[in-house]
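S.K.: Sequence first, predicted coordinates after that:
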Amino acid sequence: MACFTVPAGEAVVTTIIKKRMEKQGTEKHENNMAVPMTRKLKWLSNLLWGGSALLAFEHVWHGEVQPFFPFLTAMSNPEDTQEMLHEIATVGVSMAVLVTVIWIGMCVTADMIVKRPVSTMKTTN
């Protein structure tokens, strides 16, 4: 019903952090080969925004989100509200955690690829 709100909330936070890092110039460059943290945060925010948008569209498609107050149809009934909050706490949080774990794997893999010695890279001719 509203599971997309958790990844959307995380997307808002990561976007704000990325913007602040870019504005303050707090990026530490150990070497020219490292992937900047702002770029990595952009990956995470893109994953979260995209997933949230698709989930929100799916909920609109099924009539669970409406263009007028209270926006979420589950907010009009106390029993449905309890079910919605349970869904947010279980499904929404687990989706946000899964996307973040996948992003961590992407970052580790990108750092391993970037820090790999040039001699081990294969060239195609």
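M.R.: Here it is on my side, so go on. Please read all numbers here as calculations on a predicted model, not as lab measurements. Numbering: from 1, shown residues only.
S.K.: Which strand or helix spans the residue positioned nearest the centre of the chain?
M.R.: The structure's the chain has its C-alpha centroid closest to Leu48; by C-alpha atoms, centre = their mean the separation is 2.4 Å. If you go by DSSP states H and E, Leu48 is part of helix 37-61.
S.K.: Pro67 now?
M.R.: Using DSSP H and E, Pro67 falls outside every helix and strand.
S.K.: Same check on Ile17?
M.R.: helix 5-24.
S.K.: Give me the contacts around that helix.
M.R.: If you take C-beta atoms under 8 Å, 6 or more residues apart in numbering as the criterion, helix 5-24 is touched by 27, 37-38, 41-42, 44-45, 48-49, 51-52, 55-56, 88, 92-93, 95-96, 99-100. To be clear about C-beta, it is placed using only N, CA and C from the backbone, and glycine gets the same treatment.
S.K.: C-alpha coordinates for it, PDB please?
M.R.: Extracted in PDB, the C-alpha atoms of helix 5-24 (Å, rounded to 0.1, in the frame of the first residue of the first chain):
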ATOM      1  CA  THR A   5       7.600   5.600   1.000                       C
ATOM      2  CA  VAL A   6      10.600   4.000   2.800                       C
ATOM      3  CA  PRO A   7      12.900   3.800  -0.300                       C
ATOM      4  CA  ALA A   8      11.700   7.300  -1.300                       C
ATOM      5  CA  GLY A   9      12.600   8.600   2.100                       C
ATOM      6  CA  GLU A  10      16.100   7.100   1.800                       C
ATOM      7  CA  ALA A  11      16.400   8.600  -1.600                       C
ATOM      8  CA  VAL A  12      15.600  12.000  -0.300                       C
ATOM      9  CA  VAL A  13      18.300  11.600   2.400                       C
ATOM     10  CA  THR A  14      21.000  10.300   0.000                       C
ATOM     11  CA  THR A  15      20.200  13.100  -2.500                       C
ATOM     12  CA  ILE A  16      20.600  15.800   0.300                       C
ATOM     13  CA  ILE A  17      23.800  14.300   1.500                       C
ATOM     14  CA  LYS A  18      25.200  14.100  -2.100                       C
ATOM     15  CA  LYS A  19      24.300  17.700  -2.800                       C
ATOM     16  CA  ARG A  20      25.900  18.900   0.500                       C
ATOM     17  CA  MET A  21      29.100  17.000  -0.300                       C
ATOM     18  CA  GLU A  22      29.200  18.500  -3.700                       C
ATOM     19  CA  LYS A  23      28.500  22.000  -2.400                       C
ATOM     20  CA  GLN A  24      31.100  21.800   0.500                       C
END
